[in-house]
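**Student:** Here is the input, now give the coordinates:
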Amino acid sequence: MKKLISVLLPLMLVGTAFAEEAISYASMPLMTKGLIVTAGGLAGVFLVLILFFIVIKLMQKVLK
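**Tutor:** Alright, predicted model coming up:
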């Protein structure tokens, strides 16, 4: 669980940093905005994969 928190915490901090600078986000070039959105999407995909992995491992322990 500590490993998961150590992975997710930086992602949350980056998200809040972008939320605080919403005004400067409007002035960013389109390519930069696309890269930020793509990185956020990939982070979401990996988060779902990590959660699936955790659930599978927990189910394996429960069914033993």
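**Student:** Tell me how many other residues crowd Met28.
**Tutor:** Look at Met28: counted by other CB atoms under 10 Å, it has 13 neighbours. In short, each C-beta sits where N, CA and C put it, glycine included.
**Student:** what's the spacing between stretch 25-45 and its chain's center?
**Tutor:** Taking CA atoms, centre = their mean, to the nearest Å, one finds stretch 25-45 lying 13 Å from the centre of the chain it belongs to.
**Student:** May I see the buried residues of it?
**Tutor:** Neighbour counts over stretch 25-45 (16 or more other CB atoms under 10 Å) mark Ala43 as buried.
**Student:** Keeping just the C-alphas, turn it into PDB.
**Tutor:** C-alpha atoms of stretch 25-45 as PDB (Å, rounded to 0.1, in the frame of the first residue of the first chain):
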ATOM      1  CA  TYR A  25      -2.800  26.800 -19.100                       C
ATOM      2  CA  ALA A  26      -5.000  28.900 -21.500                       C
ATOM      3  CA  SER A  27      -1.900  30.600 -22.900                       C
ATOM      4  CA  MET A  28       0.000  27.300 -23.500                       C
ATOM      5  CA  PRO A  29       0.600  26.100 -27.100                       C
ATOM      6  CA  LEU A  30      -1.700  23.500 -28.400                       C
ATOM      7  CA  MET A  31       1.000  20.900 -28.600                       C
ATOM      8  CA  THR A  32       1.800  21.300 -24.900                       C
ATOM      9  CA  LYS A  33      -1.900  21.100 -23.900                       C
ATOM     10  CA  GLY A  34      -2.100  17.800 -25.900                       C
ATOM     11  CA  LEU A  35       0.900  16.400 -24.200                       C
ATOM     12  CA  ILE A  36      -0.500  17.200 -20.800                       C
ATOM     13  CA  VAL A  37      -3.900  15.600 -21.600                       C
ATOM     14  CA  THR A  38      -2.100  12.600 -23.000                       C
ATOM     15  CA  ALA A  39       0.100  12.200 -19.900                       C
ATOM     16  CA  GLY A  40      -3.000  12.500 -17.700                       C
ATOM     17  CA  GLY A  41      -4.800   9.800 -19.800                       C
ATOM     18  CA  LEU A  42      -1.900   7.500 -19.600                       C
ATOM     19  CA  ALA A  43      -1.600   8.000 -15.800                       C
ATOM     20  CA  GLY A  44      -5.300   7.100 -15.600                       C
ATOM     21  CA  VAL A  45      -4.800   3.900 -17.600                       C
END
